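Trainee: prediction below, plus the sequence it came from.
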Amino acid sequence: MMSDEAIGAAQRLRHPIRVVARRTGISRHVLRAWERRYGVVAPGRTGGGQRVYSDADIERLKLLRQLVEAGWPISRAAELSEAELVQLAAEAVPARDGGSPGSAVAQAGGASGDGAAYVDSCLEAAARADYEVVRRVLVRAVVSLRPGDLLEQVIGPLLTEVGERWHRGELRAAQEHAVSVAVRSVLAFLLSAYEAELEAPLLVATTLEGDLHEFGALLASLVAAEAGWRVLYLGPSLPVDEIVDAAVAGGAAAVALSVVDGIGEAELVRELGRLRAGLPAAVRVLVGGRMAAAHRAAVARLEGVEPADLELLRRTLPRFTGGEVLA
């Protein structure tokens, strides 16, 4: 029979992670990352291994979110006591309302979590070279939105608009680069937040040698991670032989390539043919990006190579959960 103390502890740890995410406004993938990296709270486990949280955990997480939105690094905020969190969170609210840089963060997205508002806030901050606000707005979006919504409503539209404004001369190269750095750090954080099962299939993601545009490969990595896959992101610009070696050594089920930089049709077909020939027949080769779209007909004619944008990747990549692959 359980002791009174054990029964009390079980009753206090009663909220599943989906309830905690709804009540705190912190998305589940960020919550798991905060726990693993910074020990922000210590949830219990049900008999089935599911996380369960107390009311005190929820209140602490709400305070942590307030401080992060006000500009505190979560690594520092996680070290604070409950009393310190309460005091600092109370001080952060009037500072935001008073028009400090935190007010732009607080207003971005509003209560609805509208992705367009985050994008607008980032663009306005980039135009005035206020890169700290860009970073803070993106952090708020990461905390508040599901990964799929973040990618579709914020990251994708932001990168597209920044690129177009740079081409039109409305943003300088330094401004475009600064936003790219902020986005890259956010995507890297998101990718690190996932912890796939050891038996999950592996996706290898990169770009061809000479192509330094890595966002497509990063986004493909996140789509796979959200579907429960293990991901080996190799960074940009790798020779085909290196990609093959990494995929074969890791037992990859799929290789995702982003092809953005200028490459002719003949060269693209040759490199993809070399990649396909070096991989086991069962390994899927998925190719996206601007140049893949420009040469889509030629890519589609290659046996065993699949043209795939992010939406197609999301729809066709089997989900892996609980030790099972789901169609």
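Mentor: Yes, it's here.
Trainee: can you give me the neighbour number for the nearest residue to residue 20 once chain neighbours are set aside?
Mentor: Excluding the flanking residues, the one nearest residue 20 by CB to CB, 6 or more residues apart in numbering is residue 53, at 4.9 Å. Using the backbone N, CA and C atoms, a C-beta is placed for each residue, glycine as well. By the measure other CB atoms under 10 Å, the count of residues near residue 53 is 24.
Trainee: list the contacts of residue 53.
Mentor: Taking CB atoms under 8 Å, 6 or more residues apart in numbering, we find residue 53 in contact with 13-17, 19-20, 41, 43-44.
Trainee: can we see that at 6 Å?
Mentor: 15, 20, 43 (CB atoms under 6 Å, 6 or more residues apart in numbering).
Trainee: that one and residue 288: what is the separation?
Mentor: 38 Å (CB to CB, to the nearest Å).
Trainee: if you skip the residues just before and after it, what's nearest to residue 268?
Mentor: In space, residue 268 is closest to residue 295, 5.5 Å off (CB to CB, 6+ apart).
Trainee: I should have written residue 220 there, sorry.
Mentor: Per CB to CB, 6+ apart, closest to residue 220 is residue 256, 4.1 Å.
Trainee: I'd like the average pLDDT over the helix or strand containing that neighbour.
Mentor: Here residue 256, judged by DSSP states H and E, is contained in strand 254-258. In this model, strand 254-258 has an average pLDDT of 96.
Trainee: how about the helices in the stretch 101-250 of the chain?
Mentor: Per DSSP state H, counting those that start in this stretch, the stretch 101-250 of the chain carries helices over the ranges 101-107, 115-127, 131-144, 147-149, 156-167, 173-193, 215-226, 240-250.
Trainee: can you tell me what sits against stretch 71-81?
Mentor: Under CB under 6 Å, 6+ apart, the answer for stretch 71-81 is 38, 40, 64, 67-68, 102, 136.
Trainee: so which of those sit within helices?
Mentor: If you go by DSSP state H, the contacts of stretch 71-81 have 38, 64, 67-68, 102, 136 in helices.
Trainee: list just the nearest of those residues to residue 312.
Mentor: residue 136 (33.0 Å; CB to CB).
Trainee: pLDDT score for residue 248?
Mentor: 97.
Trainee: name the nearest residue to the residue nearest the centre of the chain, ignoring sequence neighbours.
Mentor: When CA atoms, centre = their mean is applied to the chain, the residue found nearest the centroid is residue 190 (3.3 Å). Once flanking residues are discounted, residue 190 sits nearest to residue 222: 5.8 Å by CB to CB, 6+ apart.
Trainee: and stretch 277-288, how far apart are its ends?
Mentor: 19 Å (CA to CA, to the nearest Å).
Trainee: tell me which residues in it are buried?
Mentor: Under the neighbour-count criterion of 16 or more other CB atoms under 10 Å, stretch 277-288 has 279, 283-288 buried.
Trainee: and stretch 118-126, by the same measure?
Mentor: Result for stretch 118-126 [16+ other CB under 10 Å]: buried residues 118-123, 125-126.
Trainee: stretch 16-33 too?
Mentor: 17, 20-21, 24-33.
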